[in-house]
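> got a structure for you, letters missing:
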């Protein structure tokens, strides 16, 4: 079965979820990945959206983090302050999915501005829940399209702390959670070096060369001692993802999360 | 119509409530007074119990502040943390009713211990909601049976701040609410001197002498320039109170709040 | 005591030039009808407060109502940029827009503190990031028991909170349910409040004893405004118009297109009939 | 993940000598059955935490389970004293009882802080009163924005929280409603938690989208214990046995009467049949 790079990325992210994970789900690709996981190998995974929906089981992918579908299929829905206080800060979420406009080699993220804060070239949406998701979730998965303008040696603005500008700041601050443990792109999978916390390429997707990865990364990318090839999407995985997107398209008139 | 000193006390307290008051109601006499007010001159009064019941309209007096009757007849019921944070501390309550084992001339209250804190002669229940009720409600009504051991020159323990040990501390602390503006007993009604905040006898109940008030007060009690006689309970007031208590007795097998 | 009014009268008496205004709603129950009336009444110099300024604030900013924005995420959910917000920040059109920028956790805690009558909130956050260096309303203090450094932000106390809800009863009590966001906190934190509702019922009838209800005496005004949350949604009444959210991207992309849309769909219309 | 167990097994595995234990319930849904099982298993040296220690804690203190009490109001609601609590404090019988005493507002905030993973809570309270002079867990700090002095207490983080609720579903999720007190906060603040329920249903069915539900994965154990809140009550199941609260005054007044009651009604009985 043929598949797109986007499908590979979504499925690779989905696979990283465990059956007993409790995920804080963002919109778009993370939402697709989490729901694919739930509909394949991890039926017990608990999905939580920052709008307050707890243990939700949407039949289609939401366009926003607060679509009615989320509340209708949730175990219960709490207020937003309760979500951030009792559930996120309370340490009950095992995985947070994040993305951004820029990521660096230590998993720090920028979703605030391109250029200077006071005079930005591009004003981005801002932090949203990301700052505290990165601090409070047990581990953080980053999912982003691979592009040299997004994979940068130095962020224009640190919206969200990964392992810190030199890879050591998170630990020094005494933050007890693991931080970014995975970075999935449409080309490859990064995992942090256990010593330095630098993201190393751990696996490349089928048909992708190390050179392509290098060319798409704005920093001088390093590879793990043994680089695996990502297992290609199984027919079952692709089917589940495509059916989810087709249901979503019928419901919204848009794919919502390719 | 004849009436008891307790009935006079309850009805005098009930009269102090206004139709637009929002009352934080304690158990026993305050509960009776608030519900009499609601069933007579103040049908619009809003009753709030610290258990979380908002705008409740119990048909019988609750034995505890958390009886099912309160929740069943409430507009809604919130959690106890929400009650203390958003509703009490949030400044939405106009009147708090308090009592205690000891009161002094400035309306400070003790409901913690008789004797020393570490080696008490009598261990009382403690603060409960009183400390913050006294600080956060617009004004405080104190209702207590008149007895020299309860109306003392100096408290064994300050559980709840009235106007402070010398009548000036509340103001000095910058607490913006009025504090105790009324002290109703089975003998008389006290109101604070606007200058010194000392409780002066403003009215004596019918048939009570100033000498009796003096003998029942542990401090050298002072009287207002003109001491009124309390209007005796009207037939309608007595009827409402007695019907409420009869309904309560039938429901609980006890008067709950005479 | 919340009293029933016409929308135009309620906005005229509650929202003044220069006020700080929170029109809240977390994707669900966004008070579009009330926001459009603010645009029609040409309020100026507002400080707009909201966790997720979306299309409504994009419209209000583009229409020139705002002087300042207090926010934590300014995008079109699931779609992309808010072009009017970006134009104001990047090019000062139609006017410069001062920003006070937070994270969601900070805003949620700040509303909670406002509702609870506190001067500030504390939480665990803002560690190792750049927002504290561009926002002097983010400070740190030490836990008096453990010494841990905790983030603190001032309580939000808007002059006016505006929300949309499902139902009011004849007494002016208001019930909302579903994704309730920070609306209760915004109303309780504000000096004045306005709630638009889908319908007015005699009585809420059988319901959860713990239903989210705002008593009439914490509200300033209640307005019947069926459909008042469109193109967002009201659970139990109508669904989110996702296609409009997608279409907004093109409408708002350039100034002329935006102006034409506002002229036709907001300024050229009277308030929704009650 | 909460799993269904027998009450005796759940208490045996969750509650150990010396633990800090919060059996919460604000008049409603007090977990008497679970507390009685703790007495039967003769736990010792417990730190009992509760806003309103009422009859259940009077029984546990009189039975010798407690070393310390963290509380804010220790009376028999609407009746008077808790004689076993008083005997322990006034005469050290059956053992001395260390007190950590707070106001309701402080306890409620401390549970909230525990649920929210914070080291402490801040609130406006304890001004001009004597409790801070006898409790070193009450401190004051300055608001970093206004300088106002605010009260602070450490978060409550019990080793075990025990509550009673109306329903569990087959997955072990728990629903409670009515006067919900601080039970949700107590469970979320605790390291381990035990919930006894009136009934187990296949599915909660139609309900408020904002119902108070604790998901199975925040609970350690769920136990079917119909009537497990008696003589307190379970809204929708049975009413408060007010006459027992009144009768308790005489039962607990002297040590012998209390002992006889505990022997007959607690120690002499097996757990409620499930």
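It's in. The structure presented is a predicted model; accordingly, all values stated were derived computationally and were not measured.
> okay, CA-based contacts and neighbour counts for the rest of this
Noted.
> Just confirm residue A:5 contacts residue A:204, I think it does.
No. The pair residue A:5 and residue A:204 fails to qualify as a contact (CA atoms under 8 Å) at a distance of 11.4 Å.
> who's more crowded, those two?
Legend: neighbour count by other CA atoms under 10 Å in any protein chain shown for residue A:5 and residue A:204, higher for residue A:204 (23 against 16).
> Spell out the residue ranges of the strands in the stretch 151-258 of chain A.
Listed in chain order, the strands of the stretch 151-258 of chain A (DSSP state E, counting those that start in this stretch) span A:180-184, A:188-192, A:199-204, A:222-229.
> who does the last one touch, helix- and strand-wise?
Strand A:222-229 is packed against strand A:199-204, with contacts defined by 3 or more CA pairs under 8 Å, 6 or more residues apart in numbering or on different chains; DSSP states H and E.
> which strands and helices sit next to the strand it packs on?
Short answer (3+ CA pairs under 8 Å, 6+ apart): strand A:199-204 packs on strand A:188-192, strand A:222-229.
> which parts of the last one are buried?
Which is strand A:222-229. A:222, A:223 (16 or more other CA atoms under 10 Å in any protein chain shown).
> From chain C, how far out is the residue in chain A that chain B sits nearest to?
Residue nearest to chain B within chain A: residue A:82 (11.2 Å; CA to the nearest CA). Separation of residue A:82 from chain C (CA to the nearest CA, to the nearest Å): 9 Å.
> That residue is in what secondary structure piece?
Using DSSP states H and E, residue A:82 maps to helix A:80-82.
> hmm, who's touching that helix?
Identification of contacts with helix A:80-82 by CA atoms under 8 Å, 6 or more residues apart in numbering or on different chains yields A:50, A:51, A:52, C:105, C:108, C:109, C:112, C:180, C:181, C:182.
> The lowest-mean-pLDDT helix or strand in chain C near chain B anywhere?
When the helices and strands of chain C are scored by mean pLDDT, DSSP states H and E, strand C:3-4 comes last with a mean of 85. No. Strand C:3-4 is not in contact with chain B by CA under 8 Å from any CA of the partner chain; minimum separation 14.4 Å.
> pretty sure residue C:67 is touching residue C:47, no?
Yes. Residue C:67 is within contact range of residue C:47, at 5.8 Å (criterion: CA under 8 Å).
> Now do the residue nearest to residue A:125 when sequence neighbours are not counted against chain B, distance only.
Computed as CA to CA, 6 or more residues apart in numbering or on different chains, the closest residue to residue A:125 that is not its neighbour in sequence is residue C:74, at 4.3 Å. For residue C:74, the distance to chain B (CA to the nearest CA) stands at 28 Å.
> before we move on, what about residue C:157?
Taking CA to the nearest CA, one finds residue C:157 at 12 Å from chain B.
> swap in residue C:98?
Where chain B is concerned, residue C:98 sits at a distance of 29 Å (CA to the nearest CA).
> Looking at that residue now. What's its pLDDT?
At residue C:98 the predicted local distance difference test score is 98.
> and it, what does it touch?
Counted by CA under 8 Å, 6+ apart, residue C:98 has contacts C:67, C:68, C:69, C:89.
> Around chain D, pick out the residues from the stretch 1-150 of chain A.
Counting by CA under 8 Å from any CA, the residues of the stretch 1-150 of chain A near chain D are A:71-72, A:75-78, A:85-87, A:89-92.
> Run the chain-centre distance for the helix or strand where residue A:122 lies.
Per DSSP H and E: residue A:122 is located in strand A:120-123. Centroid displacement of strand A:120-123 relative to its chain, using CA atoms, centre = their mean, to the nearest Å, is 23 Å.
> repeat for stretch C:11-21
13 Å.
> Check stretch C:137-146 too.
29 Å.
> So which bits of it are buried?
C:137, C:138, C:139, C:140, C:141, C:143, C:144, C:145.
> what's the span of that stretch from first residue to last?
Using CA to CA, to the nearest Å, the end-to-end distance of stretch C:137-146 comes out at 24 Å.
> what's the average pLDDT for that stretch?
Stretch C:137-146 comes out at a mean pLDDT of 98.
> any residue of that stretch up close to chain D?
Yes. Using CA under 8 Å from any CA, stretch C:137-146 reaches chain D at C:139, C:140, C:141, C:143, C:144, C:145, C:146.
> That stretch and chain A in contact?
No. For stretch C:137-146, no contact with chain A is found by CA under 8 Å from any CA; the gap never falls below 13.4 Å.
> Same question for stretch C:155-168.
No. Contact of stretch C:155-168 with chain A (CA under 8 Å from any CA) is absent, the minimum separation being 13.2 Å.
> I'd like the mean pLDDT over that stretch, please.
98.
> Can you give the distance from it to the centre of its chain?
7 Å.
> For the stretch 1-150 of chain A, which residues are neighbours of chain C?
Residues of the stretch 1-150 of chain A lying near chain C (CA under 8 Å from any CA): A:27-28, A:51-53, A:63-68, A:71, A:77-81, A:84-85, A:89, A:117, A:119-132, A:135.
> same thing but at 7 Å, please
A:27-28, A:51-52, A:63-64, A:66-68, A:71, A:77, A:79-81, A:84, A:119-123, A:125-129, A:131-132 (CA under 7 Å from any CA of the partner chain).
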